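Trainee: Sharing a sequence plus its predicted fold:
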Amino acid sequence: MAVVAPHPRLRAWTEVEFPAWETLHQDPGVAQWLGGAWSAETSRRNFERAAAHVAERGWGVWAVLDADGQVVGAAGLQATREGLPFFGVEAVWRLRSEAQGRGLISTVMPAVLADGFDRLPNDELLAYTARTNARSQAVMRRLGFLRDETRDFDHPALAPGHPLRSHVMYRLPRPPEGRLQEGQDR
């Protein structure tokens, strides 16, 4: 089965992109929001999971391409991890530092979100981040996510007192039938 990305600036991960994946998760501008740079083992495990998910299901976390076709990030949807105080499907994204602030996530994510609602039965998609990550929260709002203070949480993978432990929750309700997301080209 050929996997078709929901946007021309996205593609499925292959082994060729693994070095770009590693570079992304070693970037200080990315790692600061992940609780630190990923170890080689964590990077490999997460890469294989992301690549397999897209290959098997046709949706997931994609490689994000810049205007020159180079991999500069990752974006898409994934099931929330075990151990969190909720479950569902979350929207995720990260870009290497030099690719941030150029509107790339705001360009690709509307198509990803619309594709997610087309494929999945979920009534909402989730997005969350550290309370201090104002830039990511601004992207969430631009994409139409609504703040849900009743679902804020302390991330259980981070120790009490860790500066990133306090997380804020946003949700994107399923749009009314037939209504396309802004920026979606279908």
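Mentor: Now that the structure is in, tell me what you want to look at.
Trainee: Point out the other helices and strands that the longest helix anywhere in the chain packs with.
Mentor: Taking DSSP state H as the criterion, the chain has its longest helix at helix 40-57. With contacts taken as 3 or more C-beta pairs under 8 Å, 6 or more residues apart in numbering; DSSP states H and E, helix 40-57 sits against helix 18-26, strand 61-65, strand 71-79. All C-beta atoms are positioned from the backbone trio N, CA, C, and that covers glycine.
Trainee: Give me the pLDDT for the spatially most central residue of the chain.
Mentor: Per C-alpha atoms, centre = their mean, the C-alpha nearest to the average position across the chain is that of Val92, at 1.3 Å. Looking at Val92, its pLDDT reads 97.
Trainee: how about the longest helix of the chain: buried residues?
Mentor: Under the neighbour-count criterion of 16 or more other C-beta atoms under 10 Å, helix 40-57 has Ser43, Asn46, Phe47, Ala50, Ala51, His53, Val54 buried.
Trainee: pLDDT on it, on average?
Mentor: Here the average pLDDT along helix 40-57 is 95.
Trainee: Adjust the sequence numbering to begin at 15 for everything that follows.
Mentor: Right, with 15 as the first residue, what we last looked at is helix 54-71.
Trainee: Just want the angle from it to strand 85-93.
Mentor: 70 degrees (axes from the mean of the first three to the mean of the last three C-alpha atoms, to 10 degrees).
Trainee: Contacts for stretch 60-80, please.
Mentor: Residues outside stretch 60-80 that contact it (C-beta atoms under 8 Å, 6 or more residues apart in numbering): 15, 17-20, 23-29, 31-32, 34-36, 39, 52, 85-92, 106-107, 109, 113, 118-119, 122, 126, 129-130, 133-134.
Trainee: Which of those residues are buried, as a ChimeraX select command?
Mentor: Buried subset of the contacts of stretch 60-80, written as a ChimeraX selection, criterion 16+ other C-beta under 10 Å:
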select :19,20,23,24,25,26,27,31,32,34,35,36,39,52,85,86,87,88,89,90,91,92,106,107,109,113,118,119,122,126,129,130,134
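Trainee: So which residues of the protein form strands?
Mentor: Counting by DSSP state E, one finds strands in the chain at the ranges 24-25, 75-79, 85-93, 103-109, 138-144, 160-161, 167-168, 180-187.
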